[in-house]
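Participant: here you go, sequence then predicted model.
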Amino acid sequence: MTSQLKDPFYWKGMEYDFTGATDIYALFDPETYGLHPDGFSTACYKGFIITFSVRSNQLYIDQLDVYCPDDYYPVINGVKATDDGEMSCYRYHNLNIASDYTGRIFISKNMKAEYLNRAFTGPHSYNTNYELDFEKGKLVYYRNTTGAYTASNDNNDSFSSENMVLSGTLFQDSRCRIYFEHILYVDHFYKKTFEFIPAITSNDGWYWYTEMVVEMSEGNGLNLINPYKPDMIRIGSVSINADNMMQIVELPEPEYTPLCYRIYLCYSNNYDNLGYYTLELSKNGDTLLRDWSSDKKHGNYGSMPTITSFKKYDGPLMRMEIKRVKEIHAQKYGLSL
């Protein structure tokens with residue numbers, strides 16, 4: 001898998017790699033600026049690269065390189081986006097946005113040789129690390145944390161799935177779920193349909209399929225682990241109509257945004273009419289119904305008044321949730337219910 005591009009962070013005249021933050025949405029949320037990015041290459045799944053700097057103890061966003069499939073690039077802080085002519089994305093140069101971010105930022109430099117060219121890296125992958133604390137955009141404290149991180153435990157609960165998406169970080173623990181649920185299994189569902197669906201719907205299939213993927217990843221620099229256990233997954237089948245059905249994959253309760261409570265896999269008897277729907281933990285703490293298309297566009301169908309775990313499979317909230325997914329999928333393909 002391709003090594004992910006880094007977000008540059010300039011501090012004290014030195015360039016570092018941004019490797020995380022305690023509140024990633026507060027630091028940068030592209031939708032706040034009207035942007036809807038998507039990956040422009042296998043080297044940038046998140047679809048954008050930010051250049052940060054600290055000048056006179058003030059945090060700034062200096063530059064943004066972004067690719068939006070809808071080709072909509074609004075003016076930001078008086079700056080128009082221009083085609084960079086290099087990476088199929090547009091560039092906001094000299095943004096000079098003074099951030100009002102409050103929280104901690106993690107920066108690193110001098111990547112260890114054994115982590116070079118790996119797809120996902122983190123602070124443990126570097127020889128030099130710092131943590132910077134900000135209050136309303138002002139740097140108030142920093143510490144040298146070199147040597148404080150390991151691949152299996154980064155010693156900080158602040159590394160959420162958004163940090164992984166923003167910084168290209170993937171750690172060898174339960175946080176691997178973001179890769180499986182939002183990247184790899186979306187690809188497998190649409191591109192390896194005849195293999196993926198029968199495999200994951202068998203007894204303990206989700207777990208054993210993930211075991212197979214982990215084993216195949218060994219030696220390619222990704223170094224995944226299986227974040228699931230057989231007794232953590234439940235899979236149920238529901239008919240959409242005579243020719244179409246859905247598999248409901250109940251996952252371990254998510255610890256951070258945007259991991260999934262459930263994944264709905266919809267398909268026909270011929271394995272077409274495909275739909276990959278996720279019920280996710282939102283940044284506001286509620287549940288959000290979304291979907292993933294074959295070209296990795298992430299749709300949003302709003303909040304769902306649902307239960308977090310379908311202990312009572314035929315309960316009214318669960319029936320409402322299933323009905324909503326059916327309606328969305330039927331409308332997408334013109335199916336009768």
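Facilitator: It's in. Numbers count the residues shown, from 1 in each chain.

Participant: which residues are in contact with the nearest residue to D84 once chain neighbours are set aside?
Facilitator: The shortest distance from D84 to any non-neighbouring residue, by Cβ to Cβ, 6 or more residues apart in numbering, is to R91 (4.3 Å). Quick note: C-beta positions are derived from backbone N, CA and C, even for glycine. Applying Cβ atoms under 8 Å, 6 or more residues apart in numbering, we find R91 in contact with Q63, L64, D65, A81, T82, D83, D84.

Participant: which one of those residues has the most neighbours?
Facilitator: The residue in the contacts of R91 with the most neighbours, by other Cβ atoms under 10 Å, is L64 (27 neighbours).

Participant: is that one in a helix, a strand, or coil?
Facilitator: Assigned with DSSP: H, G, I helix; E, B strand; the rest coil, L64 falls in the strand class.

Participant: gap between the residue lying farthest from the centre of the chain and Y271?
Facilitator: No residue in the chain sits farther from the centre than A242, which is 34.5 Å out by Cα atoms, centre = their mean. As judged by Cβ to Cβ, to the nearest Å, A242 and Y271 stand 16 Å apart.

Participant: same check, this time on D17
Facilitator: In this structure, D17 and Y271 are 41 Å apart, going by Cβ to Cβ.

Participant: direction included, what does the helix or strand harbouring the residue nearest to D84 pair up with?
Facilitator: Per DSSP states H and E: R91 is located in strand 90-92. Pairing partners of strand 90-92, with direction, according to DSSP bridges: strand 58-66 (antiparallel), strand 82-83 (antiparallel).

Participant: as a markdown table, those strands with mean pLDDT and distance to F48 would be great.
Facilitator: Shown next, in a markdown table, are these (pLDDT from 0 to 100; distance: least, Cβ to Cβ, whole Å):
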| stretch | mean pLDDT | distance to F48 |
| --- | --- | --- |
| strand 58-66 | 95 | 4 |
| strand 82-83 | 91 | 15 |
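
Participant: let me have the ones you listed in JSON lines, adding distance to P252 as columns.
Facilitator: JSON lines is the format used below for these (distance: least, Cβ to Cβ, whole Å):
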{"stretch": "strand 58-66", "distance to P252": "33"}
{"stretch": "strand 82-83", "distance to P252": "43"}
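
Participant: of all those, which one is nearest G302?
Facilitator: strand 58-66 (24.7 Å; Cβ to Cβ).

Participant: give me the contacts around the closest one.
Facilitator: 10, 28, 30, 35, 37, 47-54, 73, 76, 81, 84, 87, 89-99, 101, 105, 134, 137-139.

Participant: pLDDT averaged over stretch 293-303 - what is it?
Facilitator: For stretch 293-303, mean pLDDT rounds to 85.

Participant: and that stretch, how far apart are its ends?
Facilitator: End-to-end distance for stretch 293-303, by Cα to Cα, to the nearest Å: 19 Å.
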